[in-house]
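Enquirer: Below are the sequence and a predicted model; questions follow.
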Amino acid sequence: MGRAADATSTEIVCSFCGRASSAVERIVAGPAVYICNDCVGLCSAVLDESPPRGGAVLPWRVDTDLATVLDALPRMLLAQSQAAEHLARWVARARELGATWAQVGAALGMTRQSAWERFSGEE
């Protein structure tokens, strides 16, 4: 992704199920993530149940068959791409507001030079 993303992007998709905003009733935005009303309902139902022993259930540790795992991979890639695009937009906005590359780098836990190389769009 060597440059900041422009405003002509693809449609927003749910970071959990991968469905586009046009295919669901509503999507709630968070910092570089989105969740549709159906996934919120599912999360609510899960949270209403008693919590699992030992904390969170990590989806990749659940006894899942290969077809289910392979089916999930494109959705994970889409969510990752969407998050990367939005990070670039946030960096561009920070720069518009006067942030230096040193400030951007510090906020992202990287050097000024690394931030510039990743987000400036210059070769």
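Expert: Noted; the coordinates are in hand.

Enquirer: In stretch 28-38, which residues are buried?
Expert: Applying a neighbour-count criterion of 16 or more other CB atoms under 10 Å, one finds 34-36, 38 buried in stretch 28-38. Backbone N, C-alpha and C define where each C-beta goes, glycine included.

Enquirer: For the chain, give me the ranges with low pLDDT.
Expert: 1-10, 50-63, 123 (pLDDT under 70).

Enquirer: Okay, strands next: where are they in it?
Expert: 27-30, 33-36 (DSSP state E).

Enquirer: and S114, what is it in contact with?
Expert: Contacts for S114 (CB atoms under 8 Å, 6 or more residues apart in numbering) come out as G105.

Enquirer: how does it look with 10 Å?
Expert: S114 is in contact with 101, 104-105, 108, counting by CB atoms under 10 Å, 6 or more residues apart in numbering.

Enquirer: ok, so of the residues you listed, who is nearest M76?
Expert: Using CB to CB, L108 comes nearest to M76 of the contacts of S114, at 21.7 Å.

Enquirer: since we're on that closest one, how many residues are nearby?
Expert: 16 (other CB atoms under 10 Å).

Enquirer: can I assume it is in contact with W116?
Expert: No. L108 lies out of contact with W116 (CB atoms under 10 Å); the separation is 11.3 Å.

Enquirer: tell me the contacts of W116?
Expert: Residues touching W116, when contacts are defined by CB under 10 Å, 6+ apart, comprise 100-102, 104-105, 110, 122.

Enquirer: Kindly report the same for L42.
Expert: Taking CB under 10 Å, 6+ apart as the criterion, L42 is in contact with 16-17, 35-36.

Enquirer: Check these and tell me the two furthest apart.
Expert: C17 and I35 (8.7 Å).
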